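Engineer: From the sequence below, what's the structure:
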Amino acid sequence: MSDAFYAVNRDLRLVYANRRLTEWTKRPWEELKDRPVWEVIPDGSDPDSLRRRFGAMGEARAARFETFSAALDAWIEGSIHRSDTGYSVYLQDVTIRKRMEEELHLAKLQAEAAALARSHLLEASGRDLRQPLEVIRISIDGLERTVRDHEQARGLARARLAADVIADAFDKLVEVAKLDGRLSVPNREVFAIRELLERIRETWAPLTREKRIGFELGPSEELVHSDQQMLGTILDNLVGNAIRYTERGRVWVECHATNDTVAIEVHDTGIGIPEDRLDDIFKEFQRLDPGSVVGMGLGLSIVMRTVALLGHRIAVQSEPGAGSCFQVAVPRGSWRHMASAHAPN
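Structural biologist: Model (predicted):
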């Protein structure tokens with residue numbers, strides 16, 4: 001047996017010990033027999049603490065404990081089994097497991113600290129860059145009103161696009177860092193999904209008109225239980241991606257309610273996603289069209305992180321050349337919950 005094992009009577013004197021225990025204690029069984037257990041087991045326990053440990057079992061037939069043995073310089077995990085004549089105890093050296101747990105915990109703390117530092121750095125960088133970017137945009141606005149040369153106008157349009165891309169990229173980098181650093185805390189509430197869909201419509205309708213594609217948001221009177229801002233971020237990224245990769249046809253949003261969830265679906269008739277890329281699209285800096293100057297491939301990464309933070313579910317179906325459907329399953333709310341949330345104290 002790899003575990004040490006011993007048995008004691010009700011007076012806590014040894015009546016049996018296996019070979020593994022004699023190896024641990026470096027004493028033959030003849031020296032151990034009938035000795036009080038606290039004189040034999042080098043786990044740092046005094047007689048009173050051992051009596052309390054066994055006595056605390058009461059009527060229980062079994063119990064477990066974990067302790068550090070200074071004498072063995074090892075973490076010991078034990079299980080105690082009560083019988084009519086006394087107690088049987090199994091001991092196992094779990095030092096390697098404990099050290100691995102400590103190393104994993106330390107690595108987790110270091111990763112969280114690094115994510116927090118990265119978030120603060122990106123936020124500070126974003127603040128420093130927004131002002132010069134705004135100066136650039138204002139300058140472009142002024143030049144666009146005066147320039148008459150067609151080539152110069154095209155150059156200014158490209159400059160405006162570049163400034164917008166940089167601003168959007170920093171916003172998304174900061175959002176990713178916040179999610180990784182656990183700085184974003186959900187504020188869940190019950191609200192009508194139509195309020196969020198109307199804002200989505202106002203945000204994206206101008207771009208769909210510019211691209212001359214259809215944009216429809218099906219009516220829904222459903223209530224959902226979520227963080228309105230975070231869910232809005234999810235849908236903004238999904239709808240924005242759908243419009244970006246759709247040159248003909250339409251983009252539309254539907255809501256389907258079940259007993260306890262509302263499935264919000266974002267459909268498009270765009271380029272679609274190859275089956276072997278369905279998992280990759282949620283990773284950072286992944287784009288279906290690497291040659292595009294728009295976007296950094298962070299939108300769906302933010303979507304996945306935010307969905308996980310909220311405890312929602314996301315699924316995707318797609319056919320190359322025919323379009324895609326992203327579905328986010330959100331807990332369903334109720335008027336009763338909304339009324340209780342707004343009831344006076």
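Engineer: Might you list the low-confidence residue ranges for the stretch 201-345 of the chain?
Structural biologist: Low-confidence segments of the stretch 201-345 of the chain, defined by pLDDT under 70: 284-298, 335-345.
Engineer: Can you show me the strands along it?
Structural biologist: For the stretch 201-345 of the chain, applying DSSP state E, counting those that start in this stretch gives strands covering 214-217, 223-226, 250-257, 261-268, 313-319, 323-331.
Engineer: what lines up beside the fifth one in the sheet?
Structural biologist: It refers to strand 313-319. strand 323-331 (antiparallel) (DSSP bridges).
Engineer: now the partner strand against strand 261-268, angle please.
Structural biologist: Strand 323-331 and strand 261-268 are oriented at 160 degrees to each other (axes from the mean of the first three to the mean of the last three C-alpha atoms, to 10 degrees).
Engineer: Would you mind getting the angle between strand 323-331 and strand 250-257?
Structural biologist: Per the same axes, to 10 degrees, the angle that strand 323-331 makes with strand 250-257 is 30 degrees.
Engineer: Could you list the alpha-carbon positions for strand 323-331 in CSV?
Structural biologist: The C-alpha trace of strand 323-331 is given here as CSV (Å, rounded to 0.1, in the frame of the first residue of the first chain):
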residue,chain,number,x,y,z
GLY,A,323,-24.6,33.9,-44.4
SER,A,324,-24.4,33.4,-40.7
CYS,A,325,-26.6,33.3,-37.6
PHE,A,326,-25.3,34.2,-34.1
GLN,A,327,-27.6,33.3,-31.2
VAL,A,328,-27.3,34.6,-27.7
ALA,A,329,-29.4,32.9,-25.1
VAL,A,330,-30.4,35.4,-22.2
PRO,A,331,-32.4,34.6,-19.1
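Engineer: starting at the chain centroid, how far to that strand?
Structural biologist: 18 Å (C-alpha atoms, centre = their mean, to the nearest Å).
Engineer: Same check on stretch 78-98?
Structural biologist: 37 Å.
Engineer: same check, this time on stretch 135-153
Structural biologist: 44 Å.
Engineer: quick revisit: to I76, which of the strands of the stretch 201-345 of the chain lies closest?
Structural biologist: strand 313-319 (42.4 Å; C-beta to C-beta). The C-beta positions use only the backbone N, C-alpha and C, and glycine is treated the same way.
Engineer: Could I get the buried residue list for that closest one?
Structural biologist: Using 16 or more other C-beta atoms under 10 Å as the test for burial, strand 313-319 gives 314, 316, 318.
Engineer: Just the C-alpha atoms of that strand, please, in PDB.
Structural biologist: What follows is strand 313-319 as a C-alpha-only set of coordinates in PDB (Å, rounded to 0.1, in the frame of the first residue of the first chain):
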ATOM      1  CA  ARG A 313     -24.700  31.200 -24.000                       C
ATOM      2  CA  ILE A 314     -23.700  31.800 -27.500                       C
ATOM      3  CA  ALA A 315     -24.000  29.600 -30.600                       C
ATOM      4  CA  VAL A 316     -23.200  30.200 -34.300                       C
ATOM      5  CA  GLN A 317     -24.300  28.600 -37.500                       C
ATOM      6  CA  SER A 318     -22.900  29.600 -40.900                       C
ATOM      7  CA  GLU A 319     -22.700  28.600 -44.500                       C
END
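Engineer: Make JSON lines out of the buried residues of strand 313-319 and add distance to F65.
Structural biologist: Shown next, in JSON lines, are the buried residues of strand 313-319 (distance: C-beta to C-beta, whole Å):
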{"residue": "I314", "distance to F65": "43"}
{"residue": "V316", "distance to F65": "48"}
{"residue": "S318", "distance to F65": "54"}
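Engineer: ok, what's across the strand from A315?
Structural biologist: Bridge pairing for A315 - DSSP bridges - gives Q327.
Engineer: In this structure it contacts M304, no?
Structural biologist: No - A315 lies out of contact with M304 (C-beta atoms under 8 Å); the separation is 11.7 Å.
Engineer: which stretch among the strands of the stretch 201-345 of the chain comes nearest T67?
Structural biologist: Using C-beta to C-beta, those put strand 313-319 closest to T67, at 42.2 Å.
Engineer: Give me the contacts around that closest one.
Structural biologist: Outside strand 313-319, the residues that touch it by C-beta atoms under 8 Å, 6 or more residues apart in numbering are 272-273, 275, 278, 281, 303-304, 307, 324-329.
Engineer: Tell me where the stretch 51-200 of the chain is predicted with low confidence.
Structural biologist: 51-53, 55-59, 71-72, 115-116, 118-130, 161, 164-184.
Engineer: show me where it has helices.
Structural biologist: Listed in chain order, the helices of the stretch 51-200 of the chain (DSSP state H, counting those that start in this stretch) span 95-146, 150-180, 193-211.
Engineer: Centre of the chain to the shortest one, how far?
Structural biologist: The reference is to helix 193-211. Per C-alpha atoms, centre = their mean, the centroid offset for helix 193-211 relative to its chain is 28 Å.
Engineer: For that helix, list the C-alpha coordinates in CSV.
Structural biologist: Provided in CSV are the C-alpha atoms of helix 193-211 (Å, rounded to 0.1, in the frame of the first residue of the first chain):
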residue,chain,number,x,y,z
ILE,A,193,-35.4,43.9,-25.0
ARG,A,194,-37.2,46.3,-27.5
GLU,A,195,-35.4,49.3,-25.7
LEU,A,196,-32.1,47.8,-26.6
LEU,A,197,-33.1,46.8,-30.1
GLU,A,198,-34.3,50.4,-30.8
ARG,A,199,-30.9,51.7,-29.8
ILE,A,200,-29.2,49.1,-32.1
ARG,A,201,-31.5,50.3,-34.9
GLU,A,202,-30.5,53.9,-34.4
THR,A,203,-26.8,53.1,-34.3
TRP,A,204,-26.6,50.9,-37.4
ALA,A,205,-29.4,51.9,-39.7
PRO,A,206,-27.3,54.7,-41.4
LEU,A,207,-24.5,52.3,-42.3
THR,A,208,-27.0,49.8,-43.8
ARG,A,209,-28.6,52.6,-45.9
GLU,A,210,-25.1,53.6,-47.1
LYS,A,211,-24.4,50.0,-48.1
